[in-house]
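# Prediction below, plus the sequence it came from.
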Amino acid sequence: MDIINVNGIKVYGYHGALNAEREIGQYFIIDVSLYLDLMSASKTDALDETINYAEVYQLIETDVKNNPVNLIEHLGGRIIDQLFTTYDKINEIKLTVTKPSPPIDGHYDNVSVTLNRKRVS
Ligand SMILES: Nc1nc2c(c(=O)[nH]1)N=C([C@H](O)[C@@H](O)CO)CN2
């Protein structure tokens with residue numbers, strides 16, 4: 001199984017369980033790995049034999065910018081559902097949503113959740 005990775009997608013959004021997060025917003029970072037067969041693309045050099053990662057970036061940026069939710073788990077699940085629906089070639093997805101600076105007191109680098117999903121045929 002081959003992998004397309006798009007790493008470090010940084011988008012300003014308004015997701016969070018606190019009112020302040022909905023009002024002020026913050027940056028979110030998305031890392032996504034798409035598991036699919038890239039044999040044909042590797043042989044044919046044809047863009048339509050793979051998934052255009054520029055389109056993947058745009059789908060994720062648009063989703064994170066809009067329709068705020070409480071949990072980064074829910075945000076990640078919503079993105080995954082869109083990716084599976086949009087691209088039939090994808091067999092599995094690993095996606096991490098990171099909040100670099102959540103409004104939580106303490107000393108830590110960041111918070112994140114990682115979701116691993118297989119296509120349910
Ligand atoms: N597992 C999670 N825990 C928490 C989340 C979340 O999205 N997933 N979110 C929050 C708040 O929005 C936090 O960022 C600010 O208090 C708390 N815990």
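Looks like it arrived, so ask away. Numbering: from 1, shown residues only.

# and the lengthiest helix in the chain, what does it pack onto?
As assigned by DSSP state H, the longest helix anywhere in the chain is helix 72-86. Packed against helix 72-86 by the contact rule (3 or more CB pairs under 8 Å, 6 or more residues apart in numbering; DSSP states H and E) you find strand 26-36, helix 53-65, strand 92-99, strand 111-118. All C-beta atoms are positioned from the backbone trio N, CA, C, and that covers glycine.

# Buried residues, it. List them.
72, 75, 76, 77, 79, 80, 83, 84 (16 or more other CB atoms under 10 Å).

# residues in contact with the last one?
It stands for residue 84. Residue 84 makes contact with 90, 93, 117, 119, according to CB atoms under 8 Å, 6 or more residues apart in numbering.

# ok, those residues vs residue 18, which is closest?
Ranked by distance to residue 18 (CB to CB), the contacts of residue 84 are led by residue 117 at 27.3 Å.

# wait, doesn't that closest one sit right on residue 83?
No. With contact defined as CB atoms under 8 Å, residue 117 does not count as touching residue 83 (9.2 Å).

# got any residues that touch both of the two?
Common neighbours of residue 117 and residue 83, using CB under 8 Å, 6+ apart, are residue 93.

# Could you restrict the buried residues of helix 72-86 to the ones contacting the ligand?
Restricting the buried residues of helix 72-86 to those near the ligand by CB under 6 Å from any ligand atom leaves residue 72.

# Out of the buried residues of helix 72-86, flag the one nearest to residue 104.
Nearest to residue 104 among the buried residues of helix 72-86, with distances taken as CB to CB, is residue 72, at 12.6 Å.
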